[in-house]
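# Model the following, please.
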Amino acid sequence: MSEHVGSPDILEVARIGSDRRRAMAAEHAARVVPIIDEVRKAGVTTLSGIAEALNARGVRTARGGHWHGSTVRNILSRPMETAGT
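The predicted structure is shown next:
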């Protein structure tokens, strides 16, 4: 049995971190998209209008910030993952 001495495999560490960030982003999007759908059903159609509605409801972005039209666009342009994948 050989013991690994030295630095970790930086590429593997980076891949694990990237996978985790991707999973967290997908989880956040899955929570926020239904709220965006509610806002749209209420008649708000512009990205900036949706952002204002999310901010008014106290919904935070994935990093805890305020919504802008571009952050709404980014969420809506994400491919939504299906359950079990």
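
# Can you dump the C-alpha atoms of stretch 32-52 in CSV for me?
Extracted C-alpha coordinates of stretch 32-52, given in CSV (Å, rounded to 0.1, in the frame of the first residue of the first chain):
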residue,chain,number,x,y,z
VAL,A,32,-36.1,30.5,-8.2
VAL,A,33,-37.6,29.6,-11.6
PRO,A,34,-41.0,28.8,-10.1
ILE,A,35,-41.0,32.2,-8.4
ILE,A,36,-40.1,33.8,-11.8
ASP,A,37,-43.0,31.9,-13.3
GLU,A,38,-45.4,33.4,-10.7
VAL,A,39,-44.1,36.9,-11.5
ARG,A,40,-44.6,36.3,-15.2
LYS,A,41,-48.2,35.0,-14.7
ALA,A,42,-48.9,38.2,-12.7
GLY,A,43,-48.1,40.1,-16.0
VAL,A,44,-44.5,41.2,-15.5
THR,A,45,-42.7,40.4,-18.8
THR,A,46,-39.4,42.3,-18.9
LEU,A,47,-36.2,41.1,-17.4
SER,A,48,-35.8,44.3,-15.3
GLY,A,49,-39.4,44.0,-14.1
ILE,A,50,-38.9,40.4,-13.0
ALA,A,51,-35.7,41.5,-11.2
GLU,A,52,-37.6,44.3,-9.4
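
# How far off centre is it?
16 Å (CA atoms, centre = their mean, to the nearest Å).

# chain center to the top helix by length along the chain: distance?
Using DSSP state H to define each element, the chain has its longest helix at helix 10-41. Relative to the centre of its chain, helix 10-41 is centred 3 Å away, using CA atoms, centre = their mean.
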